[in-house]
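[1] Next input, structure requested:
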Amino acid sequence: MTPVSRGLSSDVPPTDAHRWISIIDENNDTWLFDATFMLSSYNCIYGDGCQSIDDEPDHTEVLGCCIHGAHFVDDDDLQEVAAAAALLTPDQWQFHRRATQKGGAFKQKKDGDWVTRKAKGACIFLNRADFPGGGGCALHRAALERNERPLDWKPDVCWQVPIRLDIHSDDNGFDTVFVRAWDRKDWGDGGAEFNWWCIEAPEAYSAADAVYVTCRDELIEMVGQDIYERLVPELEELSASGTKPTPVTLSR
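    Prediction:
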């Protein structure tokens, strides 16, 4: 399969006119992919124009999406990140000593959820730009140094965003899974308070390749190799045809 990435639009996809691709798996569950987003030129611009999601634009600290720390989806997620964190050295992780002094990089909230601790207003794993070992996520950087995938080191939510699996089950137990970009509303009331949300920003649509190419590993991890391999030719055909997105009404 040869990904088609020519003629990508640098425009933010319209909110009300997306093209969707439907795939039925062996369990008769339906996967609905937002083809408009998958074929867009979106890419994360952390450290290259990202304004963070705090109340005010962030032009200096470069805290990105890390200001609230990371929540873990389950115990496996927590244990995998804990194992990765144990491999980090003080030269790789700015807040290594603080994590040791606090008894670890994680804490349990009153509601029982586990999260990463915060240091100086953001996730404890976030190295600041002036750190000699390099700015950005310490887990992400360490994974790259070992020629490993960052998604195998980081909390699930950190590598899944901006792609969201929105799962709906019918009365017969079959699932419809929307694979789309996260929206403000997906974060609850807090999403409306974001000063800046990258999915809406034209400057974030600057990649040379489409989302389904740049996020290949993440998509495979989320939907499986088989579904991804069935998705790619559908996207290639749509891209090559030059078909414009058409309005679709979907119940969520």
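
[2] going forward, measure contacts between C-alpha atoms and count neighbours the same way
    Fine.

[3] low-scoring stretches of the stretch 151-252 of the chain, by residue?
    Scanning the stretch 151-252 of the chain for pLDDT under 70 picks out the ranges 243-252.

[4] how close does the residue nearest to residue 131 when sequence neighbours are not counted get to residue 140?
    Of all residues not flanking residue 131 in the chain, residue 94 sits nearest, at 6.5 Å (Cα to Cα, 6 or more residues apart in numbering). Counting by Cα to Cα, to the nearest Å, the gap between residue 94 and residue 140 amounts to 13 Å.

[5] Out of these two, name the residue with the larger neighbour count.
    A direct count of neighbours by other Cα atoms under 10 Å for residue 94 and residue 140 places residue 94 higher, at 25 against 20.

[6] which SS class is that one?
    Under DSSP: H, G, I helix; E, B strand; the rest coil, residue 94 falls in the coil class.

[7] Would you check that it makes contact with residue 127?
    Yes - at 5.4 Å, residue 94 counts as touching residue 127 under the criterion of Cα atoms under 8 Å.

[8] Could you pull out the residues contacting both of those two?
    Overlap of the contact sets of residue 94 and residue 127 (by Cα atoms under 8 Å, 6 or more residues apart in numbering) consists of residue 138.

[9] now the residue lying closest to residue 123 once chain neighbours are set aside: how far from residue 60?
    Residue nearest to residue 123 in three dimensions, not counting chain neighbours: residue 69, with 4.1 Å by Cα to Cα, 6+ apart. Per Cα to Cα, residue 69 is found 19 Å from residue 60.

[10] Of these two, give the one with the bigger neighbour count.
    Using other Cα under 10 Å, the more surrounded residue of residue 69 and residue 60 is residue 69, with 19 against 9.
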